Structure formats: C-alpha cells, structure tokens
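K.L.:
Task: produce atomic coordinates for the following.
(2 chains)
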There are 2 protein chains.
Amino acid sequence: MASILNKPKRIIDLDVRDIRFPTSLTADGSDATHPDPDYSCVYVRLYTDDDNYVGCGLTFTIGRGNELVKHAVDSLRFLVVRRFIEDIQENMACWVNDLANESQLRWVGPEKGVIHLAMAAIVNAFWDLWGKIAKKPVWKLLSEMSPERIISLINFKYINDYLSKEEALAILKKNEPFKRERELWITKRGFPAYTTQVGWLGYDDKKLRENGRKFLRDGFTAFKMKVGSDIEDDKRRLRIIREVIGPNNKLMVDANQKWGVQEAIDWMNELAQFNIHWIEEPTSPDDVLGHLKVSQALEKHGIGVATGEMCQNRVMFKQFLQAGALQFCQIDSARMGGLNDVLAVYLMASKAGIPVCPHSGGVGLCEMVQHLQMFDYVVLSGSIENRLIEFIDHLHEHFEFPPKLGRARYFPPMDYGYSTEMKYGSIRDYEYPEGATWKRLLDKGQYRDPSLEFKKYL
Amino acid sequence: MASILNKPKRIIDLDVRDIRFPTSLTADGSDATHPDPDYSCVYVRLYTDDDNYVGCGLTFTIGRGNELVKHAVDSLRFLVVRRFIEDIQENMACWVNDLANESQLRWVGPEKGVIHLAMAAIVNAFWDLWGKIAKKPVWKLLSEMSPERIISLINFKYINDYLSKEEALAILKKNEPFKRERELWITKRGFPAYTTQVGWLGYDDKKLRENGRKFLRDGFTAFKMKVGSDIEDDKRRLRIIREVIGPNNKLMVDANQKWGVQEAIDWMNELAQFNIHWIEEPTSPDDVLGHLKVSQALEKHGIGVATGEMCQNRVMFKQFLQAGALQFCQIDSARMGGLNDVLAVYLMASKAGIPVCPHSGGVGLCEMVQHLQMFDYVVLSGSIENRLIEFIDHLHEHFEFPPKLGRARYFPPMDYGYSTEMKYGSIRDYEYPEGATWKRLLDKGQYRDPSLEFKKYL
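P.N.:
Residues are numbered from 1 along each chain as shown, chains lettered A, B, ... in the order given. Sure thing, here's the model as predicted:
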C-alpha cells in the first residue's frame, strides 16, 4: 500500500502537444464527409510535485484544427496549474464548471467546439492522474465510488429538468447491490465489440471483402459500413458485406452527417433491404427534431438511429433523449468536456432506457471508452443487450496501455489510470509539424498541408 | 460610374488582429453570467489587388478566447487568399460551405464555436468588400438583388425540411413589388431601437435611475434590464426602472443563461408583475425543448421568450422556429458563419411569422445589424411591429462609419460596405496585448490577465 506521504499534492505544470498521424495517405478512416482525415490528438500531460505521477489525457481531431485545440488548452492553463489535487477531487463538478464557464472564455463556446474539446483533454488527463494515484483503472475507481460521490462529479445545471440529482442518486443506489457480481461477470466474459474497419469509404471492393472475412474469423458478429456518397455504390458494397457476413450478423451503416432530413429517410428506405441495425449520423448532429423525424420514419424497418460522436454537450444529449430522437446513444469520450459530462449522459441514458454504444476508434478513443462501458455495465446497466463498443485496430501501438481484446470482446483494462498515456517515441515522431515523421513527409513533399503553407501565426 | 477596369479581381492577403477594449474595468456590459467582459473583436481585413478596396469584417467576443478565434482565422486563410472575387460572388454559398465544412477543420466545429466565429469575421469582411466594390451599403446591395440571387447565397442543406429553396423564393417574390415604397418609408422614418444601457448588472441604483431618465429623454420607448443573480435585487431594480419609464413603455429582461428550465419559469413568475415584454436567454442557448417549455409556461403572462445571441447556427434556429420555442428571434451577426447564414435565419423566421430583433451592442454589432434589419424591412417583413434593434452607445468611436440614430431610431446607413471598418488609431492602440493602451495597462498593473500570465504559446 502506498503511504499517504507518497501522493502528489499539486499540479505544477501542464504540457500540451499537437500530435497527428498521416492516415489520409492511406484513406484509413475516410467517410462521406471526411474524405481525408489525419487521425490526431491534442495530448495533455499534467505534471505534479511527485515525478512518479503524470496525468495523461487527450482529445481527438482529424488533423487541421488540432492546433486550435492546443491553443485553447494553453488558454485554459491558468485554471489548472498550481491547483491542489485533493481540492479538485473533492469539488470536481465545481472545477469542471470553472473550466466550462470561465467568465470570458465561455463566449467562444459555450460548452462546444474548440474550447470544449480542449477542456476534455484536460479533464481526461486529470482522471488518468486520479487513477494512477488511486492505483486503479478509471472504470474501477468509478465503480467503487459511492452513489453520492459519483453524483458530486456531475453538473446538473441545464439537465435537472430531465434528470434531477435525486433521481440520479436513486438509479445508482438501485444498482449498488449488483456491482460485485457484475464486475466478476464482465471480467470473465468481456464486453462485445463491433468493427468499423470493414468499410471505410476509400476502400475498394476487394479490400472490403477481405476485411469482412478477416474480422469474421476474428470472432466479430457486428460490422459497420460507411455510406452516403452514392446510393448505387452503397448498395453494391452492402450486398458484398452481407454476402460475406451472412444474414444473422449485425450490420450497421454510418452516413457521417451527409444528408438532409428527408434525404436520410429516402436513402435509408432504399438500404433497408440489407437488414440494417442502425443508421449512424444521418444528418446534422445539431438537429434533434430532424433525428426524431428520421427515427419515426425508419421504425417500420426496425432501423434505429444512432448519433453522438459530434454531439457537443449534455444539454444536446438531454434533448435527444427527451425527444426519443435516438435509439443508440454514441457518447464521445473526447468531445464533451471530459469524463464528468460523459457520466451525466450515461445517467440520462439509463433513465431513458437507451443503450450507450460509444463512438470510438480515432486516436485513444478505444482506450477511454472501454473504461466507460465497464463502468456502465457494473454501475448502471448490468446488461450487454444492444450494447457494443466500437473497435478499430489502429494506432494502438502508440499507447502504453492499449485495449486487450479476445474473440471480439473488450476485457476490463487493469492498468492504472485512463489508458491514455502515449509512448515517448510516438510523441517525438508525430508532433506536428516538427516531429521527425512529419518533417520527413513535409520536406520530401509526400504530404502537403495547404493550411500550414498559408499560416502567419504558429 | 466606376469602370469595370477599376474593380479589384483577387483577394491577395488576409490580415487578422486581436482587438480588445478594457470594459471590465468599469463593469460596462456586465451580466449574470459574464461579470467582467472586455468587449473585443477579431478584426479581419481582406486586401485586394486594388489598394482602394479593402474588406473589413469582424466577430465579437468578450476578451479571453479572442486569441483562439484569431488563430482559427489564420487556419482558414488558405481558403480565402488568392481567390477571385467574382468567383466568390457568383458561387457564394459554395465558398461559405467550403469554409464551414473544410474536410478536416469541420471536426472542431462543425459550424459552431471558435471556428464558426472565425468564419463569420471572414465572410462579413467579404460583404464589406462587396459593398465597397458595388458602391452600396450592404442592406441596399442585398435589397437590390433578385430573389434568385439572394437564394444563391444560402446553403439550404439541413434546413430544407423546414424551408425549401422554392418556398424561400416564393417569400422573396411575394415581397418584390413593395421594396421601393418600403425603402422610402424606412429611409424617412427609421427603425426603432431599444436600449440595454439602463441596467448592466454591475451598475448601482443611482446610475440605473439616471440612465433610465437619460434614455427616456433621448426618445427611447423600450428598455432592457439584466436579471438573474438575485431575485430580490431584480425586483428592486425593476421597480425602480418601471417607476422611471412609466407603465406603457416596453420593458424586457435578460438572464444570460443563468437558469435551469424550471428555475426560469419560477423566477419569471415572480417578475411578471412588472409587465415584461420578453425574457431573453432564460436558460442554456442549446436547449430548444427547454425554451419551448419556458415559452409555454410564460404565455399566460404575455411574456415572450427571446434567444439567439449564442445560437450557433441555422440548424439550431430552424429547430427553435419549428418548435415554437422562441417568440423573438435574436440573430447575432457575428456568431453564425457570417451574413449568409443570417439570411437563412431571416427567411425561416419570415416563414414562421416570428419577428427578428437582433442581438447587438458589443463591438461592431450595431454597425452590422442595422443593415440586416433594413434588409428585413425592405425585402421581407415590411413591418416594424414587435421589431426592435438593440442599441448600446458604446465603442462606436472606433469605427469609421458608426450608426446614425435620431429619436431612438436607426436610419439606413448610406456609407458603402458593412460599416465594419475600424479606425487606424483604434487598431493600433487596442491590439492585444501589444497595443499602446494594453501595454500601459498591463505594465502598470492596472489590468491583470491570468490566462496570459500562464500561457506558453502566443
């Protein structure tokens, strides 16, 4: 056991890096709205007065724009550095609110976009630090907290007309007796994953077929395809993948916001023949009422609407859940203001009886969401029915504690923290634009960044 | 008449500045959520191949965070510089969409927050340039466009389930015959203004009373008070102002997002006794369904709900209008992606029969919204019923073409462009943190910016 004397007391510095991976060069991650993503993250390290404890957190972006989030972290630095760790732990909802509602900075949000992504990286880094100090993985740290303690992490402002503190507490207390047996179950059996890697839009039919077979062999029973650019193309690709995976495995599609509301309905009426489990991001991520209309129109096909990876905050999720505008809730661990806001959404989804299937992949998202789903299973749902964790076998080599899957299931991570610590060499090589890999690509003209060429301020 | 040879052809450079005014030192602009705003703007100049034509545009913030918007303008620069002006004019909806949906940058929005504020400054600067080239104020430039041309400025994606291109065109055509007479009327009579300067939350009762009397003398018949921090305080202040302005003048209140949904209803039930015209920003700007609930609850008092200054884009406004969640539509000329998105909202509001009363004040907002309301009057509504333009007599001295008011009415601006050109001396003195005024304040310790002190990247 660590003595109390060994714990760090203060955050003494915050380091932030713009890390990018040149994934656009191979069309990995390409979809109807994002044809050339460079999977990237803003990586935050919280240094403490004890060198043994560094909190590492991140937020995910797809390349250009990462520099803005880095700058936003820098602008929030004054609310982080010199703070006492125990103070934050004791009043975390307050600190999170201070970050989200700093009296001037909030104007350029509020609680959305660049500034909220930046906050996510900081808050997530703090959770990594907390896990390391407590010598627990974050899912276990959370699972062992009392209902009252969990409630103290959440800002109920703007959501208490749907979920009050008292209701949230009652949900947690009702589940309290089952935590131990659920933990044993999930540790033994794991949480089911699905794969998105069969069908990036930039992949050809041969690669699609090969990928389908490969993931089927690996034990996957749920597969997601990118759609939305060309209806005939979509049909051909869905026919191929249905052929490969057979009639009984789950098949989801993802339009990445490509359509207007009516267009989404018309398009999905055409694709319904392929027995689609959910349509993800059919239209603007801001359109609660539009998603509701799509949900209602597709109910007859048994197709659910999934959305959330670009849902900006708990207030938007509240409305999606209130209105019944989504059937699968896809929280993003890095888009909202970090883990605390995500917890609020899990509790609201629990009240609504809507399964959470987190957005993942990217950089470091699988690493984080596995903790969240384990927490959900142990503390809230006790069920894997209709619940899946997205898995993309990509870029995990840059992390010290990558997720451990077996037969297409995530097993609870046992390393301390939030699994978001990156390897030293990866940070060094992929920092943008000065890291070794980027210098080489840019110098040799193998990669062009038009935004960078025109920039005056770095 | 200018010969065609005299027109500039290309945008050859984009200059962007972080301009701030130390308004927090006098509590000007203070409200329940923003106790210490420093009214600021990101100021963009588009230089052309003809030195006589420079497009000047801006977006408004309240201090910290302005640097992030400046960086975002820099990141968007590559979509602006070297472009042909006529190409943009002919396909403006395309260019606007390119800015809003750049394949990587959109991730850190999309169409919201820092990146969208940055786009607003650029797009607004282009309108200033267009007006200068056409030798017309922007309201007149727009008013003289054909319905088809106006439609070509707007991106209907994500809004066409509420307002189709054809419907929008029909609205414009229906109003076409009345444009000439409306222009004459509004030029002669002006557009009614209201004042927010009576009751910033940081002002004491004496200043409140004096201000009320002053603006009453100036001819104002509509007054807005900040509320939301303390109910007894609000009642005392509203009693004072009602006493000063009498029972028949309009009195609006603004809570600046201070409340949850039920809290808003309860609080306003208490304040209804003061005969309130509208309650502005009762709760989270993202909460369409919450505003609907507040609207319904306050209808019995004849209190309308007003919101929009932090409404991020046309998709959110669409939902507010679809749901009937607001009774006064307060577009912000600098928060959405510039004038084009604002036009989309004016057209949707016209369909919904909801009056637009723009958010204004700040830095340069009065300058812009006067153009928008003149356009609305001439091209869409032909009515000033329930329509008001916010006026704050503040910081106009920094602009080359400040608005002209007489007896509390805005008169149509006649200078070419969008009225957003700032004076050279103001840019020099108020650029942050290097301008002369800021250097003096910071060096003497008369102003402290904790964010700046902790920053590592400038």
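K.L.:
Bridged to residue A:306, which residues?
P.N.:
With DSSP bridges as the criterion, residue A:306 is bridged to residue A:280, residue A:328.
K.L.:
Can you show me the helices along the stretch 101-250 of chain A?
P.N.:
A:113-134, A:138-143, A:147-151, A:165-175, A:179-189, A:205-217, A:231-245 (DSSP state H, counting those that start in this stretch).
K.L.:
Deepest in the core, which of these is it.
P.N.:
Using mean count of other C-beta atoms under 10 Å in any protein chain shown, the stretch among those with the largest mean neighbour count is helix A:113-134, at a mean of 28. Quick note: C-beta positions are derived from backbone N, CA and C, even for glycine.
K.L.:
Does chain B have contacts with stretch A:101-110?
P.N.:
Yes. For stretch A:101-110, a contact with chain B is found by C-beta under 8 Å from any C-beta of the partner chain, at A:101-110.
K.L.:
Just put the residues you listed in CSV and tack on neighbour count.
P.N.:
Shown next, in CSV, are the residues of stretch A:101-110 next to chain B (neighbours: other C-beta atoms under 10 Å in any protein chain shown):
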residue, neighbour count
A:101, 17
A:102, 22
A:103, 17
A:104, 23
A:105, 26
A:106, 20
A:107, 26
A:108, 32
A:109, 28
A:110, 24
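K.L.:
Can you list which of those are found in strands?
P.N.:
When the residues of stretch A:101-110 next to chain B are checked against strands using DSSP state E, none is located there.
K.L.:
Quick one: name the residues of the stretch 101-250 of chain A near chain B.
P.N.:
A:101-117, A:157-158, A:160-161.
K.L.:
ranges for the strands of chain A?
P.N.:
A:11-20, A:40-48, A:54-61, A:191-199, A:222-226, A:250-254, A:278-280, A:304-307, A:328-329, A:389-391, A:404-406, A:409-411.
K.L.:
would JSON lines of those strands with mean pLDDT be doable?
P.N.:
Output for the strands of chain A, formatted as JSON lines (pLDDT from 0 to 100):
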{"stretch": "strand A:11-20", "mean pLDDT": "98"}
{"stretch": "strand A:40-48", "mean pLDDT": "98"}
{"stretch": "strand A:54-61", "mean pLDDT": "98"}
{"stretch": "strand A:191-199", "mean pLDDT": "92"}
{"stretch": "strand A:222-226", "mean pLDDT": "95"}
{"stretch": "strand A:250-254", "mean pLDDT": "97"}
{"stretch": "strand A:278-280", "mean pLDDT": "98"}
{"stretch": "strand A:304-307", "mean pLDDT": "98"}
{"stretch": "strand A:328-329", "mean pLDDT": "98"}
{"stretch": "strand A:389-391", "mean pLDDT": "96"}
{"stretch": "strand A:404-406", "mean pLDDT": "94"}
{"stretch": "strand A:409-411", "mean pLDDT": "98"}
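K.L.:
any chance of those strands in a markdown table, with distance to residue B:306 too?
P.N.:
As requested, the strands of chain A are arranged in a markdown table below (distance: least, C-beta to C-beta, whole Å):
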| stretch | distance to residue B:306 |
| --- | --- |
| strand A:11-20 | 39 |
| strand A:40-48 | 36 |
| strand A:54-61 | 34 |
| strand A:191-199 | 43 |
| strand A:222-226 | 41 |
| strand A:250-254 | 38 |
| strand A:278-280 | 35 |
| strand A:304-307 | 29 |
| strand A:328-329 | 31 |
| strand A:389-391 | 41 |
| strand A:404-406 | 52 |
| strand A:409-411 | 47 |
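K.L.:
As JSON lines, these with mean neighbour count and distance to residue B:145 would be great.
P.N.:
Shown next, in JSON lines, are these (neighbours: other C-beta atoms under 10 Å in any protein chain shown; distance: least, C-beta to C-beta, whole Å):
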{"stretch": "strand A:11-20", "mean neighbour count": "21", "distance to residue B:145": "42"}
{"stretch": "strand A:40-48", "mean neighbour count": "26", "distance to residue B:145": "41"}
{"stretch": "strand A:54-61", "mean neighbour count": "29", "distance to residue B:145": "38"}
{"stretch": "strand A:191-199", "mean neighbour count": "24", "distance to residue B:145": "44"}
{"stretch": "strand A:222-226", "mean neighbour count": "24", "distance to residue B:145": "39"}
{"stretch": "strand A:250-254", "mean neighbour count": "23", "distance to residue B:145": "39"}
{"stretch": "strand A:278-280", "mean neighbour count": "28", "distance to residue B:145": "39"}
{"stretch": "strand A:304-307", "mean neighbour count": "26", "distance to residue B:145": "37"}
{"stretch": "strand A:328-329", "mean neighbour count": "22", "distance to residue B:145": "44"}
{"stretch": "strand A:389-391", "mean neighbour count": "26", "distance to residue B:145": "47"}
{"stretch": "strand A:404-406", "mean neighbour count": "15", "distance to residue B:145": "58"}
{"stretch": "strand A:409-411", "mean neighbour count": "20", "distance to residue B:145": "57"}
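K.L.:
show me the contacts for residue A:7.
P.N.:
Residue A:7 sits next to A:50, A:53, A:85, A:133 when contact means C-beta atoms under 8 Å, 6 or more residues apart in numbering or on different chains.
K.L.:
among those, which two are most distant?
P.N.:
Farthest pair in those (C-beta to C-beta) is A:50 and A:85. Separation: 9.9 Å.
K.L.:
I'd like the average pLDDT over stretch A:67-81.
P.N.:
Stretch A:67-81 shows a mean pLDDT of 98.
K.L.:
do that stretch and chain B meet?
P.N.:
Yes. Legend: contact between stretch A:67-81 and chain B by C-beta under 8 Å from any C-beta is shown at A:67-72, A:74-78, A:81.
K.L.:
picking up where we left off before, okay, and the common contacts of residue A:50 and residue A:85?
P.N.:
Listed as contacting both residue A:50 and residue A:85 by C-beta under 8 Å, 6+ apart are A:7-9.
K.L.:
residues near residue A:155, how many?
P.N.:
Residue A:155 is flanked by 20 other residues according to other C-beta atoms under 10 Å in any protein chain shown.
K.L.:
Tell me the confidence at it?
P.N.:
Residue A:155 is given a pLDDT of 96.
K.L.:
In the stretch 251-400 of chain A, what residue lies closest to chain B?
P.N.:
Here the residue of the stretch 251-400 of chain A nearest chain B is residue A:261; by C-beta to the nearest C-beta that distance is 3.9 Å.
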